[in-house]
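J.: Below is the sequence, then the predicted model.
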Amino acid sequence: MVTLPSDTEILITREFNAPKDLVYKAWTTPELIKRWWAGDHGQVTLAEVDLRVGGLWRYVMIANGGFEVAFHGEYREIVPNERIVSTDVFEGMPDAAAVNTVSLTEENGRTTLTILVRATNRAARDAQIDSGMEGGLQAALDDLEEVAISLTQDA
Amino acid sequence: MARAATTTDAFNAVAEPRRRQILDLLAQGERPVNDLVAVLGLSQPLVSKHLRVLREVGLVDVRDLGRQRVYGLNGQSLKPIHDWVKAYEASWSRRFERLDVVLEELVSEQRNAKEDGHGSDSGDRDSGGDASLGHGDPDHS
């Protein structure tokens, strides 16, 4: 579930059927990151994780179009199994940095993951939106109520 | 990129919490400004200002109804934002589906490791064996 809590933020929420230490492990272990991070967009060829405050991360992916895209950032805050704050830079657009806060909470063996993506400036926010716009949008026209609800849910 | 620019404007308009409240109210039906003022508990100039911004990006329409001017939501103009949110969501969903698969494996590995541990509970000097990151995870009880 994706919502827009403010002008410069995107909030992503998802529940997983696993305890939070395992979600944390899947989120921070290079060999595991390679298996999920690209989603349908391509293949992760490099995942470097220096998991300490001030440490760097870098993921490289061969996108389905055959071109290479890379992202990197720096860890700002780490609370094992609970929280990671890091910067996130798309190397094709180095001025457009975001700060991502990943939080994990567990209940009855299930973990709720939230990612708060905070654009550090307007250019970064617009870049996020534009990249989404180019992502091939085919959503059908939903009825008005549903549209309004999805946008205003947590105002 | 005319389309992206329009979208960005709508994003700005929607990003303000009060304006989203107004959109939420208008989603239930047209209302005159006084109605919005009463429900929101804001001053009329402030509500009018928000309505002006929403009208400028085409999210809200106004029309005369009898002697009143009523404001209504223009659903069509929300579509680009809705589309964007849906596409962004879809992209993350694919990632999360793959993460589900990874987690399923980790959970069953952990379960197996625990069962093995039960069979031979003599060697307790080293709690290794599972490929955890070694952040002193306290799942050893």
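T.: In hand now; what should we look at?
J.: Pull up the gap between the residue nearest the centre of chain A and chain B, please.
T.: For chain A, the residue nearest the mean C-alpha position is A:Ile115 (6.1 Å; CA atoms, centre = their mean). According to CB to the nearest CB, to the nearest Å, A:Ile115 stands 8 Å off from chain B. For the C-beta atoms, the positions are set from N, CA and C on the backbone; glycine is no exception.
J.: One more: A:Asn64?
T.: From A:Asn64 to chain B the distance is 12 Å (CB to the nearest CB).
J.: Please tell me I have it right and that residue contacts A:Gly39.
T.: No - using CB atoms under 8 Å, A:Asn64 is not in contact with A:Gly39; the gap is 10.6 Å.
J.: circling back: the residue nearest to the centre of chain A and A:Val99 touch, don't they?
T.: No - in this structure A:Ile115 lies outside contact range of A:Val99 using CB under 8 Å: 11.0 Å.
J.: quick one: the helices in chain B?
T.: B:2-15, B:17-27, B:33-40, B:44-56, B:75-119 (DSSP state H).
J.: Deepest-packed of these, please.
T.: Across those, the average number of neighbours (mean count of other CB atoms under 10 Å in any protein chain shown) peaks for helix B:17-27, which reaches a mean of 20.
J.: What mean pLDDT does that one get?
T.: What helix B:17-27 shows for mean pLDDT is 86.
J.: For that helix, C-alpha coordinates in PDB please.
T.: Only the C-alpha atoms of helix B:17-27 are listed here, as PDB (Å, rounded to 0.1, in the frame of the first residue of the first chain):
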ATOM      1  CA  PRO B  17      -3.300  17.800   4.500                       C
ATOM      2  CA  ARG B  18      -6.100  20.400   4.600                       C
ATOM      3  CA  ARG B  19      -6.600  20.200   0.900                       C
ATOM      4  CA  ARG B  20      -6.800  16.500   1.100                       C
ATOM      5  CA  GLN B  21      -9.400  16.900   3.700                       C
ATOM      6  CA  ILE B  22     -11.400  19.100   1.400                       C
ATOM      7  CA  LEU B  23     -11.000  16.600  -1.400                       C
ATOM      8  CA  ASP B  24     -12.200  13.900   0.900                       C
ATOM      9  CA  LEU B  25     -15.300  15.900   1.800                       C
ATOM     10  CA  LEU B  26     -16.000  16.700  -1.800                       C
ATOM     11  CA  ALA B  27     -15.700  13.100  -2.700                       C
END
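J.: just the angle between that helix and helix B:33-40, please?
T.: Angle between the axes of helix B:17-27 and helix B:33-40 is 120 degrees (criterion: axes from the mean of the first three to the mean of the last three CA atoms, to 10 degrees).
J.: Helix B:17-27 close to chain A?
T.: Yes - contact of helix B:17-27 with chain A (CB under 8 Å from any CB of the partner chain) involves B:17, B:20-21, B:23-24, B:26-27.
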